[in-house]
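> sequence and computational prediction follow.
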Amino acid sequence: MALLKDYKDLWMTGEELFRRPNLNPCELVNGRVVPTMPTGPGHGAIEAKLTTRLTIWAEATGRGEVEVGEVGIFIRRDPDTVRAADILFISHERLTRRASSGYLEVAPELVVEILSPDDRWSEVKEKLEDYFSAGADRVWVLVPKLRRILVHRSPTEAVQLDAAQILTDEEILPGFSVLVSELFSS
């Protein structure tokens, strides 16, 4: 199946997007298909390290599920917006409200975005607003270039963690912790 390369003026619903595996990596913003770039190996390594730690925690506590791989989350409808999370954690309670197929229609508690070198802060802020408007409780923005994590409790309220600090969140991930530098080591 050939991949679609021209996104100009491509509009659709979230359901239509879900049925279009021929599209390159993309998100849907207000009904319009917006291309995203594939990530590099550094991004993938960070994603794997954090996913492994979150998954071990989730399985040990039985509190929910960790999902990765640009997981689609409905933000709003008509026109549809579907954002693609690098990593997310969703509790069993919220999973029970999940539709059987398609993108998530209930926001996860935690969304993780790992910045790529070409990401613009204005676009990251727009994603933060979208995730919180959909009902996410926390968004972690990992900044590999600075070896830093921004822990957002709202689009405007964030705590910055540097390499020597420990990432925790007793409210939504009780007992989870990881040294920030461990996520950025090669």
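Yep, that arrived. Residues are numbered from 1 along each chain as shown.
> which residues touch stretch 91-103?
The contact list for stretch 91-103, computed with CB atoms under 8 Å, 6 or more residues apart in numbering, reads 14-15, 18, 62-65, 71-74, 82, 90, 104-109. (Glycine included, C-beta is placed from N, CA and C.)
> quick one: mean pLDDT over the lengthiest helix in the chain.
Across the chain, the longest stretch assigned as helix under DSSP state H is helix 41-61. Throughout helix 41-61, pLDDT has a mean value of 95.
> can you list the residues that contact it?
The list of residues contacting helix 41-61 from outside it, by CB under 8 Å, 6+ apart, reads 39, 64-66, 68, 86-87, 89, 112, 114, 116, 142, 144, 173-176, 178, 182-184, 186.
> after it, which helix or strand is next?
Later in the chain than helix 41-61, the nearest helix or strand by DSSP states H and E is strand 64-76.
> C-alpha coordinates for the next helix or strand along the chain from that following strand, PDB please?
With elements assigned by DSSP H and E, the helix or strand that comes after strand 64-76 is strand 81-91. Presented in PDB, the C-alpha positions along strand 81-91 are these (Å, rounded to 0.1, in the frame of the first residue of the first chain):
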ATOM      1  CA  THR A  81      -8.800  16.500  16.900                       C
ATOM      2  CA  VAL A  82      -6.800  13.400  17.500                       C
ATOM      3  CA  ARG A  83      -3.400  13.800  19.200                       C
ATOM      4  CA  ALA A  84      -0.700  11.100  19.200                       C
ATOM      5  CA  ALA A  85       1.000  10.500  22.500                       C
ATOM      6  CA  ASP A  86       4.500   9.100  22.700                       C
ATOM      7  CA  ILE A  87       3.600   7.300  26.000                       C
ATOM      8  CA  LEU A  88       0.600   7.300  28.200                       C
ATOM      9  CA  PHE A  89      -0.700   5.700  31.400                       C
ATOM     10  CA  ILE A  90      -4.400   5.000  31.800                       C
ATOM     11  CA  SER A  91      -6.000   3.600  34.900                       C
END
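> for stretch 19-32, buried residues please.
The neighbour-count check on stretch 19-32 (16 or more other CB atoms under 10 Å) flags 23, 26, 27, 28, 29, 31, 32 as buried.
> using PDB, write out the CA atom coordinates for that stretch.
The C-alpha trace of stretch 19-32 is given here as PDB (Å, rounded to 0.1, in the frame of the first residue of the first chain):
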ATOM      1  CA  ARG A  19      -9.100   3.500   8.900                       C
ATOM      2  CA  ARG A  20      -6.300   5.000   6.800                       C
ATOM      3  CA  PRO A  21      -3.100   3.000   7.600                       C
ATOM      4  CA  ASN A  22      -1.700   4.400   4.300                       C
ATOM      5  CA  LEU A  23      -1.100   7.800   5.800                       C
ATOM      6  CA  ASN A  24       2.300   8.700   7.000                       C
ATOM      7  CA  PRO A  25       2.700   9.500  10.800                       C
ATOM      8  CA  CYS A  26       0.200  12.300  11.500                       C
ATOM      9  CA  GLU A  27      -2.300  13.800  13.900                       C
ATOM     10  CA  LEU A  28      -5.700  15.300  13.200                       C
ATOM     11  CA  VAL A  29      -6.200  19.000  14.300                       C
ATOM     12  CA  ASN A  30      -9.700  20.400  13.900                       C
ATOM     13  CA  GLY A  31     -10.400  17.900  11.100                       C
ATOM     14  CA  ARG A  32      -7.200  18.600   9.200                       C
END
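> before I go, just wanted to say thanks for your time.
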